[in-house]
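**Student:** My questions are about this predicted structure, shown below with the sequence.
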Amino acid sequence: MDLSLIQNDILITLISLYEKKSIPIKGEEIADIIRRNPGTVRNQMQALKAIGLVDGIPGPKGGYHPTAVAYKELNLKRDGEVYEVKISRDSEVIPGVKVAEIIFTTLSHADICHAQIKIIGSVKLFNIGDVITIGPTPMNKLMIKGEVFGKDENEPALIVSILEMVSLPKKPIRSYMTAPIKMLSTRSTLMDAIHLFNKYRIHGAPVMEGNFLMGIITMTDILLAIEEKISLEAPVSEVMTEEVIQADASVQIYEVIRKFKEKQIGRLVVVEDGQPIGILTQSDIFRVIPTH
């Protein structure tokens with residue numbers, strides 16, 4: 001669901017206060033923190049309650065508390081659960097190490113950005129010059145790539161020169177996929193696929209048999225078929241890739257980025273209730289990831 005900016009602020013503040021106090025939170029307390037009129041906060045609370053994100057307890061000792069749906073909506077872990085922020089090197093997660101805290105030590109310099117990465121684990125697993133990737137972090141889905149240039153065994157902590165840093169979008173992939181999806185049947189020919197690709201300026205399409213997803217064919221598959229002198233009247237089922245990488249439409253975009261890298265794919269099929277509803281490509285992801 002799409003929340004307004006004020007609803008998002010109210011929900012995050014409510015969860016933060018509730019995690020600290022474990023008691024219902026007054027609307028006035030939230031209003032004071034986010035600097036909004038208490039009446040505005042109460043009105044927004046009613047809207048959030050209507051969509052199942054908060055619940056209210058009436059009376060002098062009453063207030064509001066977040067529901068389990070609210071945690072899921074913001075992709076947060078409930079109190080008592082530990083969200084592990086991982087460190088990777090050469091695309092491999094380093095076992096036995098997780099991030100405890102990120103402290104930026106320089107941000108204002110035009111050419112320098114350093115950070116102290118406090119870890120749970122041993123700094124001896126790292127070498128000076130290692131290029132590591134940290135994240136995503138739980139709240140803002142921050143991803144940091146940097147080079148280790150110092151180590152502190154007492155903290156323990158890594159001193160990192162930041163190379164890249166992005167905050168990944170939190171919306172589900174249905175917000176970024178290409179839809180409606182263009183599909184072929186197992187009886188379609190390679191020529192049919194070429195016409196479809198040219199007409200809609202796409203480079204791949206799922207292959208269906210009735211309601212069942214049988215494979216996916218790309219322009220690369222067709223070019224390889226032409227090299228092998230396969231007739232363009234041959235069915236796409238002869239050259240399609242049968243193993244189709246899929247992701248549910250409700251999955252958030254940061255969750256599929258790793259899948260693209262691990263599987264070395266350029267696109268995946270977005271499904272809902274088991275049925276294809278869209279295509280998500282690397283280009284779609286690049287368009288929504290901030291680069292500045």
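**Tutor:** Now that the structure is in, tell me what you want to look at.
**Student:** For the least confident helix or strand in the chain by mean pLDDT, which helices and strands make contact with it?
**Tutor:** Every helix and strand in the chain was compared by mean pLDDT, DSSP states H and E; the lowest is helix 253-263, with a mean of 77. Using 3 or more CB pairs under 8 Å, 6 or more residues apart in numbering; DSSP states H and E as the contact criterion, the secondary-structure elements in contact with helix 253-263 are strand 246-248, strand 267-272, helix 282-288. Glycine gets a C-beta too; all of them are placed from N, C-alpha and C.
**Student:** Of those, which stretch is the most buried?
**Tutor:** For the helices and strands packed on helix 253-263, the stretch with the most neighbours on average is strand 267-272, a mean of 20; neighbours defined as mean count of other CB atoms under 10 Å.
**Student:** The one residue sitting closest to the centre of the chain: what's it in contact with?
**Tutor:** Taking CA atoms, centre = their mean as the criterion, Y254 is the residue nearest the geometric centre of the chain, at 2.0 Å. Taking CB atoms under 8 Å, 6 or more residues apart in numbering as the definition of contact, the neighbours of Y254 are P136, K141, M143, L168, P169, K170.
**Student:** any idea how far V239 is from the closest residue to G204 other than its chain neighbours?
**Tutor:** Spatial nearest neighbour of G204, excluding adjacent residues (CB to CB, 6 or more residues apart in numbering): T218 at 3.9 Å. Using CB to CB, to the nearest Å, one gets 10 Å for the distance from T218 to V239.
**Student:** elements contacting the host helix or strand of I10?
**Tutor:** Using DSSP states H and E, I10 sits in helix 5-21. The contact analysis (3+ CB pairs under 8 Å, 6+ apart) places helix 5-21 against helix 27-34, helix 38-50, strand 63-66, helix 68-73.
**Student:** so how far is the longest one from its chain's centroid?
**Tutor:** On the basis of CA atoms, centre = their mean, to the nearest Å, helix 38-50 is displaced by 28 Å from the centre of the chain it belongs to.
**Student:** So what's the residue count around L196?
**Tutor:** Here the neighbour count serves as a burial measure; for L196 (other CB atoms under 10 Å) it reads 17.
**Student:** Just to check, it is in contact with K182?
**Tutor:** Yes: if you go by CB atoms under 8 Å, L196 and K182 touch, sitting 5.9 Å apart.
**Student:** Which neighbours do these two have in common?
**Tutor:** Residues within reach of L196 and of K182 at once, by CB under 8 Å, 6+ apart, are I202, A205.
**Student:** Wait, A247 touches I265, no?
**Tutor:** No: between A247 and I265 there is no contact, the gap being 10.9 Å when judged by CB under 8 Å.
**Student:** what's the neighbour count on M191?
**Tutor:** Residues contacting M191 under the criterion other CB under 10 Å number 14.
**Student:** typed the wrong thing, it's M45
**Tutor:** Here the count is done by other CB under 10 Å, and M45 has 23 residues near it.
**Student:** do you know how far it is from I30?
**Tutor:** To I30, M45 is 8 Å away according to CB to CB.
**Student:** same question, Q282
**Tutor:** Computed as CB to CB, the Q282 to I30 distance reads 40 Å.
**Student:** one step back: CSV please, covering the helices and strands packed on helix 5-21 and showing distance to V85 and mean pLDDT.
**Tutor:** Shown next, in CSV, are these (distance: least, CB to CB, whole Å; pLDDT from 0 to 100):
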stretch, distance to V85, mean pLDDT
helix 27-34, 25, 89
helix 38-50, 28, 91
strand 63-66, 22, 88
helix 68-73, 17, 80
